[in-house]
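Peer 1: Could you work out the structure for the sequence below:
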Amino acid sequence: MNALKQYIDLFVEHRDTIEQHSVAPLNALRDKALNALDGAVLPRRGSEDYEATDLEAVFAPDYGLNITRVNFDGNPAESFRCDVPNMSTCLYLCFNDMIYPGANAVRNAGGVVIETLAQAATSHPDVLTGYYGSIADLGDPTVALNTLLAQDGILIYIPDGVTAERPVQLVNIFNAMQPMMAVRRLLIVAGRNAHARILACDHTQSKDVKHLSLQTIEIIAGEDSTIDFYDMEESAATTSRVSSLFVKQAAGSNVLVDGITLTNGFTRNDYRVDVDGEHAETTLLGMTIAGDSQHVDTHTVINHNAPRCNSNEMFKFVLDDNAVGAFAGKINVKPGCPRVEAYQGNRNLCASPTARMHTKPQLVIYTDDVKCSHGTTIGQMDQDALFYMQTRGISLESAKTLLMQAFMSDVIDGVRLEVLRDRLHHLVEKRFNGTLSACATCATACNNHTK
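Peer 2: Residues are numbered from 1 along each chain as shown. Predicted coordinates for the structure are as follows:
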C-alpha cells in the first residue's frame, strides 16, 4: 500500500477547507506539490542504494490532521514558558501545529520580524511570496506532502544590517490526546549583513499517544549574514519525526546548523545545504543519544556551488540497548569551484552489542585544487579505559557515563551560544545517567521562564 495515498485523498476531498484556513502564498504551491506526489512512493528499507529507514511504515498509520485549525484548550502563553535557564529569548510555541506567542514574544524585536506565515501574508507579502518554497525540494515526497498540507508556520525575517538582540526560541509541543500528524513549516530569511541565533525544541506531553511531526525548514542566508540554528529533540517513544532542512548561502555568509536528539521514538533528519557564494562558511553538527529501541536516521548533502568556500561537518551517535542509528552524508564540489575546503566526519559509539549503526560517507569532487576529506568510525567502549577507571574507585556505570560524555564533548563545544552549550553539558549528563525523560522538566522550566 502507498501510505501517501490516504493523505493525498484527504487533501483532494477537503481542499476547500484546507485552503480557506490558510493564505494565498501557501495555497499557490499546492498544485505543484500534488503533481510532485503523483506516482511518488516513500523509501522502504533497502529500496535505494542506501536506505536504513522504512518511511512507508512511518506514514502508514491513519493520523488525524487539524485542517479546520481548532484551537486547543488553555492559555499556552501563561501555562508554558519553556526556556533554557539564564537565557532570555523571544519565545513562540507551537502546540501540535497551532502557533501561539509566548509571554515575551513580539512581532518586531529590534528590527527582527517574527510572525506566523498567515500574518506575514499581509505584513510582509514580498518576503513570503519570494522565499516560501523557494529552496524546498518537492522531489522529496515528504517535503511535497508538507507543502501540500501546510496551512501556517513561522517566519523569522532579519532585514539587511539587523542583528537580533536575543535568540529566538520556538518550542514545538505535542499535547493532542488522539493520534495526530502536525504539519510544521519554518521560514528563516536573513538579509545582507544580518545576524540571528535560533533555537527550536521538540517536546511531547501526551506520551501515551502516537504523534508524527512532518516538518520543513528553509534558511536563506544573504551576503555576509550569520545564522545559528539549533534543533533539539526531547520527545517521547511514541513520537515520530520526519524533518527536512534546506539552506541557501550567499557570498560571505556563515551558517551553523546543529541537530541534537536526546530522547525520541523514530527520527529522520534530512539536511541539504547549497553554498552559492565565495568565502561562505558552513558548519553542520549533529549529536544523537539513543537507547531502548529508538531509531535515528540522518541524511546530509552539502553542495559547493562556488569556489573558495569552507564546510565542516561532524555527526556523532551514542547507541545503547537495541537502538538503531544511520548516517548518509555527501559533499559535492561542482565543476569550476577550486579552493574549496570541506571535511565530513561521522563517529559512532555502540555501548551495547545489540545496538546497530549504518554509515555511508561520500565525497563527489568535479574540480582540482581542493582540500576535501571524510572519515567514519564505529566502535565500542574502551575496555582498558573502563578497567583503569574502576581500579581508581569509579563504578562501571559511572565510568561508562564519563566515557560517553567525553565522546560527545567536541560536538557540544561547537555550540556558539554559551548558555545553551552549558545547558547541553547538563542535559547530556542527565541523559547518560538515565535521569532525563521526554519533557520531564517542561512544566517547571516553563513556569520559571526568564522574561
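Peer 1: tell me the pLDDT at the closest residue to Val411 other than its chain neighbours?
Peer 2: Leaving aside its chain neighbours, Val411 sits nearest to Met287 (4.6 Å; criterion: Cβ to Cβ, 6 or more residues apart in numbering). Bear in mind the C-beta positions are built from the backbone N, C-alpha and C, glycine included. With respect to pLDDT, Met287 scores 95.
Peer 1: before we move on, what about Ile302?
Peer 2: At Ile302, the model reports a pLDDT of 98.
Peer 1: Could you report the neighbour count for it?
Peer 2: 23 (other Cβ atoms under 10 Å).
Peer 1: now do Ile67
Peer 2: Neighbours of Ile67 using other Cβ under 10 Å come to 19.
Peer 1: cool, the one 4 residues further on as well?
Peer 2: Asn71 is surrounded by 10 other residues when neighbours are defined as other Cβ under 10 Å.
Peer 1: Would you confirm that it contacts Met98?
Peer 2: Yes: under the criterion of Cβ atoms under 8 Å, Asn71 makes contact with Met98 at 6.3 Å.
Peer 1: can you tell me the helix or strand for the residue nearest to Val411?
Peer 2: Using DSSP states H and E, Met287 maps to strand 281-290.
Peer 1: Show me what that strand is packed against.
Peer 2: strand 254-263, strand 266-275, strand 295-304, strand 310-319, strand 324-333, helix 396-413, helix 418-433 (3 or more Cβ pairs under 8 Å, 6 or more residues apart in numbering; DSSP states H and E).
Peer 1: Pairing partners for the fourth one, with directions?
Peer 2: Going back to what we said before, that points to strand 310-319. strand 281-290 (parallel), strand 341-350 (parallel) (DSSP bridges).
Peer 1: Run through the bridge partners of the nearest residue to Asp410 once chain neighbours are set aside.
Peer 2: Among residues not flanking Asp410 along the chain, Met314 sits closest, at 7.5 Å (Cβ to Cβ, 6+ apart). Met314 has the following beta-bridge partners by DSSP bridges: Leu285, Gly345.
Peer 1: Check Lys360 too.
Peer 2: Under the criterion used (DSSP bridges), Lys360 bridges to Ala328.
Peer 1: hang on, isn't it packed against Thr300?
Peer 2: No: using Cβ under 8 Å, Lys360 is not in contact with Thr300, being 10.8 Å away.
Peer 1: so what sits against both of the two?
Peer 2: 327-329 (Cβ atoms under 8 Å, 6 or more residues apart in numbering).
Peer 1: Check the helices and strands packed on strand 281-290 for me: which has the lowest mean pLDDT.
Peer 2: Looking at the helices and strands packed on strand 281-290, the weakest mean confidence is helix 396-413, a mean of 81.
Peer 1: re the thing from before, out of the strands paired with strand 310-319, which one sits most buried?
Peer 2: The highest average neighbour count among the strands paired with strand 310-319, using mean count of other Cβ atoms under 10 Å, belongs to strand 281-290 at a mean of 23.
Peer 1: would you turn the helices and strands packed on strand 281-290 into a markdown table with distance to Thr17?
Peer 2: Below are the helices and strands packed on strand 281-290 laid out as a markdown table (distance: least, Cβ to Cβ, whole Å):
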| stretch | distance to Thr17 |
| --- | --- |
| strand 254-263 | 34 |
| strand 266-275 | 29 |
| strand 295-304 | 33 |
| strand 310-319 | 40 |
| strand 324-333 | 37 |
| helix 396-413 | 44 |
| helix 418-433 | 40 |
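Peer 1: All the helices of this protein, residue numbers only.
Peer 2: Using DSSP state H, the helices found in the chain span residues 4-20, 24-27, 30-37, 55-59, 76-79, 117-123, 125-131, 141-149, 383-391, 396-413, 418-433, 442-447.
Peer 1: follow-up on the earlier one: ok and the strand holding Met287 relative to strand 295-304, angle-wise?
Peer 2: 170 degrees (axes from the mean of the first three to the mean of the last three Cα atoms, to 10 degrees).
Peer 1: quick one: strand 281-290 to strand 254-263, angle?
Peer 2: Going by the same axes, to 10 degrees, strand 281-290 makes 0 degrees with strand 254-263.
Peer 1: Mind exporting the C-alpha coordinates of strand 281-290 to PDB?
Peer 2: Extracted as PDB, the C-alpha positions of strand 281-290 are listed here (Å, rounded to 0.1, in the frame of the first residue of the first chain):
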ATOM      1  CA  GLU A 281      31.300  29.100   5.700                       C
ATOM      2  CA  THR A 282      29.100  26.100   6.700                       C
ATOM      3  CA  THR A 283      29.200  24.200  10.000                       C
ATOM      4  CA  LEU A 284      26.900  21.200  10.200                       C
ATOM      5  CA  LEU A 285      26.900  19.400  13.500                       C
ATOM      6  CA  GLY A 286      24.800  16.600  15.000                       C
ATOM      7  CA  MET A 287      24.600  14.600  18.200                       C
ATOM      8  CA  THR A 288      22.400  11.600  18.900                       C
ATOM      9  CA  ILE A 289      21.900   9.700  22.100                       C
ATOM     10  CA  ALA A 290      19.600   6.700  21.700                       C
END
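Peer 1: roughly how far out does it sit from the chain middle?
Peer 2: 10 Å (Cα atoms, centre = their mean, to the nearest Å).
Peer 1: which regions of the stretch 101-250 of the chain lie under the pLDDT threshold?
Peer 2: Scanning the stretch 101-250 of the chain for pLDDT under 70 picks out the ranges 103-106, 108-109.
Peer 1: Could you rerun that using 50?
Peer 2: For the stretch 101-250 of the chain, no stretch is flagged by pLDDT under 50.
Peer 1: Which parts of it are strands?
Peer 2: Assigned by DSSP state E, counting those that start in this stretch, the strands in the stretch 101-250 of the chain fall at 108-109, 112-116, 154-158, 168-174, 180-190, 195-204, 211-221, 226-234, 239-249.
Peer 1: got TSV for those, with distance to Leu65 and mean neighbour count too?
Peer 2: Formatted as TSV, these follow (distance: least, Cβ to Cβ, whole Å; neighbours: other Cβ atoms under 10 Å):
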stretch	distance to Leu65	mean neighbour count
strand 108-109	31	15
strand 112-116	18	22
strand 154-158	19	25
strand 168-174	14	25
strand 180-190	6	24
strand 195-204	18	24
strand 211-221	10	24
strand 226-234	22	23
strand 239-249	15	24
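Peer 1: If the closest residue to Ser244 other than its chain neighbours is in a bridge, with which residues?
Peer 2: Nearest non-adjacent residue to Ser244, counting by Cβ to Cβ, 6+ apart: Asp270, 4.5 Å away. Taking DSSP bridges, one finds Ser244, His299 as the beta-bridge partners of Asp270.
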